[in-house]
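1. Dropping a prediction and its sequence here:
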Amino acid sequence: MLIAPHNSAVDTLISGNLQQLRVQVAEAAGAAHRTVESITVIAVSKGHDAASVRAAAAMGALHFGESYAQEAIPKRESLRDLKATWHFIGRLQANKTRSIAESFDWVHGIDRLKIAQRLSAQRPHHAPALQACLQINIAGESGKAGVEPEAAGELARAVAVLPRLRLRGLMCILPADLSSENNRRHFAALRRLREQLNAQGATLDTLSMGMSADFRDAILEGATLIRVGTAIFGPRTATSHE
């Protein structure tokens, strides 16, 4: 687990960053003729210690994103007093599904039915349904995680009927350093895919898309969840590997 003493300078940095981020989200929402309430910020806390998460929570952050179960689970245990929602946003590995099913509220990266079946079977019966998104390889990157858009319908139908999972929407990660125009083109494609799946009988209400560098473009194209780390916490202070 990452442990760090209280640091008022870090608290001040996180506070200022969150205030600035909220202004930027509001501006993007206004440009898209949307309400701020329709957009949820996930503070991506991977690589940052529990004290930083606590500082963000003190400023009103309610949702936190982690990518490595080995790092996230002890961190979350040390923050059990927080009324926070925890999102697993990393690559899903079959040998890690139990800990994720037991410890997270949302999972964003489902791209194989086998993974979804394991999460469903391993979700505790006493826990609420695990909220789930399918990861879509919307940019068509070779070798990258995510189901191809053409196969999303079949996977969505199979995941939607699994017990103890609730399929909420779609998620994507774009290549770095794209132009704003290309960001918006891919985000718009994900939005249209959700509309297509809903027209086929799905009930998806979530688009998890946009990170620190491109969340404005994502909001303009309908993102409901944006995953922001560096713009809140600054550069990662630690690295954790499974």
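-> Cool, got the structure. Residues are numbered from 1 along each chain as shown.
2. so where's the chain shaky on pLDDT?
-> Low-confidence segments of the chain (pLDDT under 70): 1-6, 237-242.
3. ok, and for the longest helix anywhere in it, which residues are buried?
-> Ordering each helix of the chain by length in residues (DSSP state H) puts helix 8-31 first. Within helix 8-31, the residues scored as buried using 16 or more other C-beta atoms under 10 Å are 10-11, 13-15, 17-18, 21, 25, 28-29. Bear in mind the C-beta positions are built from the backbone N, C-alpha and C, glycine included.
4. again, but for stretch 185-201
-> 185-187, 189-191, 193-194, 197.
5. Generate JSON lines for the residues you listed, with secondary structure and distance to Leu174 as supplementary columns.
-> Converted to JSON lines, the buried residues of stretch 185-201 look like this (DSSP: H, G, I helix; E, B strand; the rest coil; distance: C-beta to C-beta, whole Å):
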{"residue": "Arg185", "secondary structure": "helix", "distance to Leu174": "10"}
{"residue": "His186", "secondary structure": "helix", "distance to Leu174": "5"}
{"residue": "Phe187", "secondary structure": "helix", "distance to Leu174": "8"}
{"residue": "Ala189", "secondary structure": "helix", "distance to Leu174": "11"}
{"residue": "Leu190", "secondary structure": "helix", "distance to Leu174": "10"}
{"residue": "Arg191", "secondary structure": "helix", "distance to Leu174": "13"}
{"residue": "Leu193", "secondary structure": "helix", "distance to Leu174": "14"}
{"residue": "Arg194", "secondary structure": "helix", "distance to Leu174": "16"}
{"residue": "Leu197", "secondary structure": "helix", "distance to Leu174": "20"}
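6. wait, which of these is closest to Ala160?
-> Leu197 (9.7 Å; C-beta to C-beta).
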